[in-house]
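Engineer: Using only what follows, build the 3D model:
(chains A and B)
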Amino acid sequence: MPEPIDVVEALLFASDTPVEAERIQEVLDLESAAAAREIVEGLRARLDAEGRALQVMEVGGGFRLVTRPEVAPWLVKLARSRTRSRLSRPALETLAIIGYRQPVSRPEVDAVRGVNSDAVLDNLLERRMIRIAGRKESPGRPFLYETTREFLVAFGLRDLGDLPKVEGELIVPELAQAAAAQLAEPGPEEEITAAPDPSQQDPGPGGDRVSTSG
Amino acid sequence: MSAPETTTQGAVPESPGLTVRVESFVGPLDLLLHLCRTNEMDLSRLALRTITDQYLSHLEAVRFQDLEMAGSFMVMAATLIYLKSKLLLPANPDDQDEVLDEEGELLKRELEERLREYARVKALGAWLAEREAEQTLVYGRTTAELPPPEDIPLEDLSVHLLQRAMQRLIEDQQRRVPRQVEPNPLSVLERMSEILDLLRSTWSLLFSSVAGAERLRAEWVVTLLALLELVRLGQARARQADLFGEIVIERNAVSVREPARLVETDEESRPAADASGEALAAEGPRDSMPEEETPRAAATPPPDDEPRTEQGEPLNA
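Structural biologist: Presented below is the predicted three-dimensional model:
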């Protein structure tokens, strides 16, 4: 009978998306998400202690098993390509605007950047860094954009609260709620963990930071 | 926060010294921010005269590829010039300082606010770039071999993706235009064989029954040529009672030769027949077909003189 820690390792190894603590709790029939988190931490410590090439990363509201940066050169060689394609500066700045102000419409993004953002938004949509969150009830009913879980994963962010704080205009009072909503939302877990409260509270450190920031 | 990329070497040959390429700025605010930074200017106290002059001199050095981008730089230029023009007509002539009227002051404050906000966005962009760079060194699974869940979560499917899929479908559909199937090009020799076959079971037949009731120009021409050839070879006879009337094809009692010999030259004569058909078709509205149904009319043929000699030769040989 494999130990829970080994099962968790297998879960993280086989999954293509971050696995939430609640999901681990459900799969392993654990008492709480906190217990799941504990096992993950155990796995993290074990991988660290053994000096393995893999590490546990907490991103996008869940856990991922990824390689350590030190082995990246060999992986690049294995892939026979130089580096992964990176986002352009306009794309990064647009992402920053959407990250803080979401959901936000294109005219609003344009206003901050001072240039038309059509092409950039298309590119970000295609890379699934953002998605359409609906339409704004303003003239022309423009699309509203918000960041995705892929965005959090691509930038190694646990949640939106991981974004640095900025004084002034960009801080939106609803940021904390938006972040919490984003966390509560993902995936089919909603039906499984019937009570939404633990899922919102569970990403403890991240959630804490969000509330203090907002 | 790092300064934007500048190039010291000849981006614009005619202006010597340090040249800052506007192409490396992602927008007018980016350029304006750069100018404020290099002048160590407070973002809440823009020196409009200096900044406007510098901004404009940068613009002059630039050829824009992208009209939209050029437009956004021009809008900013217009705003700056407008503000500067207000300074030239000070509300209080005694003021040495840059003093604007109320409207100008509002405009300036709005510009400063936008600039400050852009500065924050730019810093955040740089921060994200660092995070991204760190993350590119870290590899995890992007596809799983686990079977997909039975219920597909729809939360990641946006209208945009749906629209994209639809568009792809439509484009595919458009590319799949029904292929035009070309009928086998008519061949004079084949038609000759057909006529001979028919004449074996009957003594006489009508030209129109061979050429087809649809009165397709190519059909009629090929049939006529075939008939004329058969007449020339003495394998059939043709009779036309009156001008433009029906042609009756009759078996020539003497004819015993098999059409097999004719078929040998099939390949050579096919394009010729084809060409003659086309030449006639290209000729335009000239539907007085019966006119040509007499051997005499065919002797002075429609402008397809070349194909005629071509297809005549192999038969003679």
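
Engineer: Look up the pLDDT of residue B:219 for me, please.
Structural biologist: On pLDDT, residue B:219 comes in at 83.

Engineer: Nearest spatial neighbour of residue A:152, chain-adjacent residues omitted?
Structural biologist: Counting by CB to CB, 6 or more residues apart in numbering or on different chains, the nearest residue to residue A:152 once its immediate chain neighbours are dropped is residue A:60, at 3.8 Å. Just so you know, the C-beta spots here come from the backbone N, C-alpha and C atoms, and that holds for glycine as well.

Engineer: With adjacent residues omitted, what lies nearest to residue A:14?
Structural biologist: residue B:146 (5.6 Å).

Engineer: so that neighbour makes contact with residue A:13?
Structural biologist: No: Residue B:146 is beyond contact range of residue A:13, at 10.6 Å (criterion: CB atoms under 8 Å).

Engineer: just the helices in chain B please.
Structural biologist: For chain B, the helices defined by DSSP state H cover B:28-38, B:48-60, B:67-88, B:102-135, B:159-175, B:188-201, B:207-211, B:217-232, B:260-263, B:266-282, B:295-299, B:305-316.

Engineer: low pLDDT regions in the chain?
Structural biologist: In the absence of a named chain, this looks at chain A. Residues of chain A meeting the criterion pLDDT under 70: A:83-84, A:167-214.

Engineer: switch to chain B, that's the one I care about
Structural biologist: Checking chain B against pLDDT under 70 turns up B:1-23, B:90-98, B:151-158, B:179, B:182, B:253-317.

Engineer: go again using 90 as the cut-off
Structural biologist: B:1-28, B:30-51, B:53-75, B:79, B:82-117, B:119-120, B:123, B:133-138, B:140-223, B:232-317 (pLDDT under 90).

Engineer: How far does the top helix by length along chain A sit from its chain's centre?
Structural biologist: Longest helix of chain A, by residue count under DSSP H: helix A:33-50. The chain centre lies 20 Å from the centre of helix A:33-50; the measure is CA atoms, centre = their mean, to the nearest Å.

Engineer: Give me the contacts around that helix.
Structural biologist: A:4-5, A:8-9, A:12, A:20-22, A:24-25, A:28, A:30, A:54-56, A:63, A:198-199, A:202 (CB atoms under 8 Å, 6 or more residues apart in numbering or on different chains).

Engineer: Can you select the buried ones among those for me in PyMOL?
Structural biologist: Under the burial definition 16 or more other CB atoms under 10 Å in any protein chain shown, those of these that qualify are selected in PyMOL by:
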select buried, chain A and resi 4+5+8+9+12+20+21+22+24+25+30+54+55+56+63+199+202
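
Engineer: thought residue B:68 was touching residue A:119?
Structural biologist: No: the criterion here is CB under 8 Å, and residue B:68 misses it with residue A:119 at 9.1 Å.

Engineer: Turn the helices of chain B into a markdown table, including mean neighbour count and distance to chain A.
Structural biologist: Conversion of the helices of chain B to a markdown table gives the following (neighbours: other CB atoms under 10 Å in any protein chain shown; distance: least, CB to the nearest CB, whole Å):
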| stretch | mean neighbour count | distance to chain A |
| --- | --- | --- |
| helix B:28-38 | 21 | 4 |
| helix B:48-60 | 17 | 13 |
| helix B:67-88 | 16 | 4 |
| helix B:102-135 | 17 | 4 |
| helix B:159-175 | 11 | 5 |
| helix B:188-201 | 19 | 57 |
| helix B:207-211 | 18 | 60 |
| helix B:217-232 | 22 | 51 |
| helix B:260-263 | 14 | 60 |
| helix B:266-282 | 18 | 48 |
| helix B:295-299 | 13 | 65 |
| helix B:305-316 | 16 | 56 |
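
Engineer: Mind checking those helices for the one nearest to residue A:96?
Structural biologist: helix B:102-135 (3.6 Å; CB to CB).

Engineer: out of everything not next to it in sequence, what's closest to residue A:107?
Structural biologist: Using CB to CB, 6+ apart, the closest residue to residue A:107 is residue A:142 (5.9 Å).

Engineer: Equivalent analysis for residue A:114, please.
Structural biologist: Looking at residue A:114 with CB to CB, 6+ apart, the closest residue is residue B:29, at 4.0 Å.

Engineer: what about the helices of chain B, which gets the closest to residue A:105?
Structural biologist: helix B:159-175 (13.8 Å).

Engineer: Dump the C-alpha coordinates for that closest one into CSV.
Structural biologist: Extracted in CSV, the C-alpha atoms of helix B:159-175 (Å, rounded to 0.1, in the frame of the first residue of the first chain):
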residue,chain,number,x,y,z
VAL,B,159,-16.6,33.5,-26.8
HIS,B,160,-13.4,34.4,-28.5
LEU,B,161,-12.4,30.7,-28.8
LEU,B,162,-15.8,29.8,-30.1
GLN,B,163,-15.7,32.6,-32.7
ARG,B,164,-12.2,31.5,-33.7
ALA,B,165,-13.4,27.9,-34.2
MET,B,166,-16.4,29.0,-36.1
GLN,B,167,-14.3,31.2,-38.4
ARG,B,168,-11.9,28.3,-39.0
LEU,B,169,-14.9,26.1,-39.9
ILE,B,170,-16.2,28.7,-42.3
GLU,B,171,-12.8,29.2,-44.0
ASP,B,172,-12.5,25.4,-44.4
GLN,B,173,-15.9,25.3,-45.9
GLN,B,174,-15.0,28.0,-48.4
ARG,B,175,-11.9,26.3,-49.4
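
Engineer: and that helix, what does it pack onto?
Structural biologist: strand A:130-135 (3 or more CB pairs under 8 Å, 6 or more residues apart in numbering or on different chains; DSSP states H and E).

Engineer: And the residue nearest the centre of chain A?
Structural biologist: With distances taken as CA atoms, centre = their mean, residue A:60 lies nearest the centre of chain A, 2.3 Å away.

Engineer: who are the neighbours in contact with it?
Structural biologist: Counting by CB under 8 Å, 6+ apart, residue A:60 has contacts A:17, A:18, A:149, A:150, A:152, A:153, A:157, A:158, A:159, A:186.

Engineer: and the gap between it and chain B?
Structural biologist: 11 Å (CB to the nearest CB, to the nearest Å).

Engineer: Residue A:88 too?
Structural biologist: 8 Å.

Engineer: and that residue, how far is that from residue B:58?
Structural biologist: 21 Å (CB to CB, to the nearest Å).

Engineer: Quick check: the residue nearest to residue A:114 touching residue A:93?
Structural biologist: No: at 10.0 Å, residue B:29 and residue A:93 do not qualify as touching, with contact defined as CB under 8 Å.

Engineer: what touches both of these two?
Structural biologist: With CB under 8 Å, 6+ apart as the test, residue B:29 and residue A:93 both reach residue A:113.
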